[in-house]
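1. Turn this into a model:
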Amino acid sequence: MTAIEEQAASVVQEGIPVSELTVDDATRATQPHLPYADAVHAALAEIELLPDLMEAGTRRESAKSGQSLPPELFARLEWLEGHDDLATLDVQVEGLVAEWSHLGGWAIRSGRDLVVLDVDDLADPSTIAEAVMHAALCGLRCSCDMLPPGRWEHAAYLETALAAYNEREGVRQ
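-> The predicted structure is shown next:
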């Protein structure tokens, strides 16, 4: 078991799933998506498709005009070029990245090729794991049958937390 898998064990407090990574109320308020990132990682671990790198956090970028753009919560999973689970030549050479943003949902990319997934922004982690598996085995433009998209079982809790986050940070959607 990897360190992140050990940390991915969730507990329930007041009806909201809480990641072991989010140990205090301040972190829960500023990083409410960590339990979702943990759940996606666990779904990937179930099918033995673990990324080389995983990060989750907040991006704060400045616009060219010097004004700050709204902060964006994200989760990023990366399989480096040459990873054993990457089967097609293009993906093997370029690597694979699955990325979630609370502003834009899910996308998978390899090199300059990008596919925005046609799934709920808070899709069931097993749906995301299957989409990544298909991309790793068949490439980004895989025409294989996919699981019917579903929502993460705790999506309603995360939506509430994201709405509170957006309100606090002044994010307009």
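2. pLDDT below threshold where in this structure?
-> For the chain, residues meeting the criterion pLDDT under 70 lie at 1-27, 62-69, 147, 173.
3. Tell me where it has helices.
-> Using DSSP state H, the helices assigned to the chain run over residues 3-7, 25-30, 34-46, 89-94, 125-138, 155-169.
4. Next, the angle from the third one to helix 155-169.
-> Going back to what we said before, that points to helix 34-46. Interaxial angle, helix 34-46 versus helix 155-169 (axes from the mean of the first three to the mean of the last three C-alpha atoms, to 10 degrees): 140 degrees.
5. chain center to helix 34-46, what's the gap?
-> 8 Å (C-alpha atoms, centre = their mean, to the nearest Å).
6. The last one now?
-> Relative to its chain's centre, helix 155-169 lies at 16 Å (C-alpha atoms, centre = their mean).
7. Residues touching it, excluding its own?
-> 15-17, 28-30, 32-33, 35-36, 70-71, 73, 102, 120, 122, 152, 171-173 (C-beta atoms under 8 Å, 6 or more residues apart in numbering). (Each C-beta comes from the backbone N, C-alpha and C, glycine too.)
8. Of the helices of the chain, which is nearest residue 107?
-> helix 125-138 (10.2 Å; C-beta to C-beta).
9. what helices or strands is that closest one leaning on?
-> Applying 3 or more C-beta pairs under 8 Å, 6 or more residues apart in numbering; DSSP states H and E, we find helix 125-138 packed against helix 34-46, strand 96-101, strand 105-110.
10. For residue 86, find the nearest of these.
-> For residue 86, the closest of these is strand 96-101, at 6.0 Å, according to C-beta to C-beta.
11. Now do that closest one: everything it contacts.
-> Everything outside strand 96-101 that qualifies as a contact, by C-beta under 8 Å, 6+ apart, is 33, 36-37, 40, 51, 72-79, 83, 86, 106-110, 121, 128, 131-132, 135-136.
12. Now distance to residue 59 too, for the helices and strands packed on helix 125-138, in CSV please.
-> What follows is these, written out as CSV (distance: least, C-beta to C-beta, whole Å):
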stretch, distance to residue 59
helix 34-46, 14
strand 96-101, 8
strand 105-110, 14
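13. Make JSON lines out of these and add distance to residue 159 and mean neighbour count.
-> Supplementary listing: the helices and strands packed on helix 125-138 in JSON lines, determined by distance: least, C-beta to C-beta, whole Å; neighbours: other C-beta atoms under 10 Å:
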{"stretch": "helix 34-46", "distance to residue 159": "11", "mean neighbour count": "22"}
{"stretch": "strand 96-101", "distance to residue 159": "14", "mean neighbour count": "21"}
{"stretch": "strand 105-110", "distance to residue 159": "13", "mean neighbour count": "20"}
